[in-house]
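*Asks:* Provided below for reference: sequence and predicted model.
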Amino acid sequence: MSATVQVRLDEKSEAALKRLVRAKGCTPSQAVRESILKEDEQLSAEPRPRMVGIGCVSFGPGDLATNKKHMEGFGKKWRVDKQGKGRWDW
């Protein structure tokens with residue numbers, strides 16, 4: 001099946017098409033066909049995961065629970081009383 005498409009190009013698009021034709025040494029029709037196929041490949045490509053390795057770091061302690069210093073205040077909130085003294089509060 002063959003389809004014919006007419007397109008009105010603005011100045012910027014026409015200049016880009018002319019550069020593409022000169023660079024590739026092809027006809028404007030070939031350049032448009034290749035561009036359409038390339039765009040279709042990019043759209044149909046499997047999307048990459050956006051977040052890889054969340055929570056994984058190569059630095060710092062491996063297990064925070066093994067050192068009591070890292071667990072200090074876990075599950076508690078730091079509160080400042082009326083006298084301005086701070087303390088851990090359940």
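*Replies:* Ah, there it is.

*Asks:* please enumerate the helices of the chain.
*Replies:* Secondary structure of the chain (DSSP state H): helices at 11-24, 28-44, 68-71.

*Asks:* among these, which is nearest A3?
*Replies:* helix 28-44 (10.7 Å; CB to CB). For glycine as for every other residue, the C-beta is placed from the backbone atoms N, C-alpha and C.

*Asks:* ok, now which ones touch K24?
*Replies:* Q30, A31, E34 (CB atoms under 8 Å, 6 or more residues apart in numbering).

*Asks:* how does it look with 7 Å?
*Replies:* A31 (CB atoms under 7 Å, 6 or more residues apart in numbering).

*Asks:* per-residue confidence for it?
*Replies:* If you check K24, the pLDDT there is 92.

*Asks:* enumerate every residue touching F74.
*Replies:* No contacts exist for F74 under CB under 7 Å, 6+ apart.

*Asks:* quick check: it vs N67, distance?
*Replies:* Separation of F74 from N67 (CB to CB, to the nearest Å): 12 Å.

*Asks:* number of nearby residues for A31?
*Replies:* Per other CB atoms under 10 Å, the neighbour tally for A31 reads 20.

*Asks:* now the one 5 residues further on
*Replies:* By other CB under 10 Å, the residues close to I36 number 11.

*Asks:* do you know how far it is from A23?
*Replies:* 17 Å.

*Asks:* pLDDT score assigned to the spatially closest residue to V80 that is not a sequence neighbour?
*Replies:* Excluding its sequence neighbours, the residue lying closest to V80 (CB to CB, 6 or more residues apart in numbering) is G86, at 5.0 Å. The score at G86 is 78. That number is its pLDDT.
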